[in-house]
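Visitor: Pasting a predicted model and its sequence here:
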Amino acid sequence: MSPTYSQKLRSLVSLLLLSNAGQAVGQGIRIQIPESGGAITAPAPGVGSSTPPAASAARLGVPFDPWSTDPGPATFGGPPGGAGSAFPSQTPPVLFPNRGNQPSLLDGQSMPDFSRWAEPFRVFQRPRFQYAWLFGGSGGPRDLDQSEIDVSAGVAIPNFLYSQQPIFVFPSFSMQLWDGPEELTGQDLPGQVYSAYLDTMWRSNPKSPFGGEIGVRVGVFTDFDTITTDSLRIQGTGLGRINVTPTITVRAGVMYLDRVKVKLLPVGGILWQPTPQMRLDFYFPRPKFSRYMVTMGTFDLWGYIGGEYGGGSWTIRRPLPIPLSDRVDLNDIRLIAGFEWGLSDELRSGQRTGFIEAGWILDREVIFAAGGSFTLRDTVMIRAGIGY
């Protein structure tokens, strides 16, 4: 009787196994031959074998899936999502997913990532506080001593307008204490001004390669001796975002300041994190370059340098021969260096627990809406805060 097809196939496979038995045993591959016809099968990767599933799949010729969240076999030093790695195994979609080696950072200095605060049953979020002191100098006609105090507390509203993203609302209060300048008749400033406002911030789904961020501030800015229509101000920021690569995010938009001198300001830039220990935010008007330094307990400590466009606008009562209600701008540019600390993941996404910094304040100017302006001497600043 001539051998059947199945018997011929079994004989052929037996010869192949005998010729390469050592390699087959080393890889832990078992071939099952059906008794009567049918296909040759192999056990599922990782079943009945000490070989890891990903490695078995690679040896059995399973095609590579570029969209899979399984990091697959380690080729050079382990997969980018394995134990001890700073890179998570799942990354948001980007335009060019094969460029870079870690997920993109979706939020820059304009709007930190508060999403981890939005717990389902936690409406009130952590409070924030910061204090800054700008040393005015010797009390001359171009010296102004400033103390700035800011406090706020956050509220998270989940699934805002069915967007699957929360909106964050921060009732806030700020006070500015001014001392000087002297010997400027008609140009005197009040001893203090106040800002009571409501900040709202929302951003689109961070898992999308395209998205945006919106922030709106509505409040009253005055010395409380003068309340006019100019005391109520609306400010805001609108940004578009593109995750170009896993390490690069591009943002562009506008910021509405509603000051006497500057109403609208273009904003934007590139956020780049070449390594988990470095974050470079080329963002105008608040660039910031930070780097990991050391871990202390459960917190990471980072150092940074940066800058910002500082100041503000308030309605005041000027002590002229005839008291006059006016509006005043204080504008300056701040060059800053400091330290910040927080949980590792939060710092990498732009959110910190606390900070302390020092800076050089230049291009200080005072501008009155009714007319008149003067410049102030450059000075130094010391600032510290929690949550900002």
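Guide: Nice, thanks for sending it over. Numbers count the residues shown, from 1 in each chain.
Visitor: With adjacent residues omitted, what lies nearest to I248?
Guide: Nearest non-adjacent residue to I248, counting by C-beta to C-beta, 6 or more residues apart in numbering: W272, 5.2 Å away. For glycine as for every other residue, the C-beta is placed from the backbone atoms N, C-alpha and C.
Visitor: For the one you found, name its beta-bridge partners.
Guide: Applying DSSP bridges to W272 yields these beta-bridge partners: I248, L280.
Visitor: tally of neighbours for it?
Guide: 20 (other C-beta atoms under 10 Å).
Visitor: Please apply the same query to V254.
Guide: When neighbours are defined as other C-beta under 10 Å, V254 has 13 of them.
Visitor: For this structure, which segments count as helices?
Guide: Per DSSP state H, the chain carries helices over the ranges 5-19, 21-27, 53-59, 344-348.
Visitor: Lowest average confidence across the ones you listed, which one?
Guide: Mean pLDDT across those is lowest at helix 53-59; the value there is a mean of 41.
Visitor: just checking, the residue nearest to I248 touches Y283?
Guide: No: applying C-beta atoms under 8 Å as the test, W272 and Y283 come out as separate, 10.6 Å apart.
Visitor: From F221, how far off is T237?
Guide: 17 Å (C-beta to C-beta, to the nearest Å).
Visitor: didn't T375 look like it was pressed against I367?
Guide: No: with contact defined as C-beta under 8 Å, T375 does not count as touching I367 (10.0 Å).
Visitor: For these two, indicate the residue with more neighbours.
Guide: Using other C-beta under 10 Å, the more surrounded residue of T375 and I367 is I367, with 19 against 10.
Visitor: wait, what's in contact with that one?
Guide: V260, K261, V328, D329, N331, S373 (C-beta atoms under 8 Å, 6 or more residues apart in numbering).
Visitor: Can you read off the pLDDT for it?
Guide: Reported pLDDT for I367: 95.
Visitor: what is P127 paired to in the beta sheet?
Guide: Going by DSSP bridges, P127 forms beta bridges with A153.
Visitor: Can you give me the neighbour number for it?
Guide: P127, neighbours per other C-beta under 10 Å, totals 12.
Visitor: Same check on I322?
Guide: Considering only other C-beta under 10 Å, I322 is surrounded by 6 other residues.
Visitor: go on, D300?
Guide: Residues near D300, counting by other C-beta under 10 Å, number 22.
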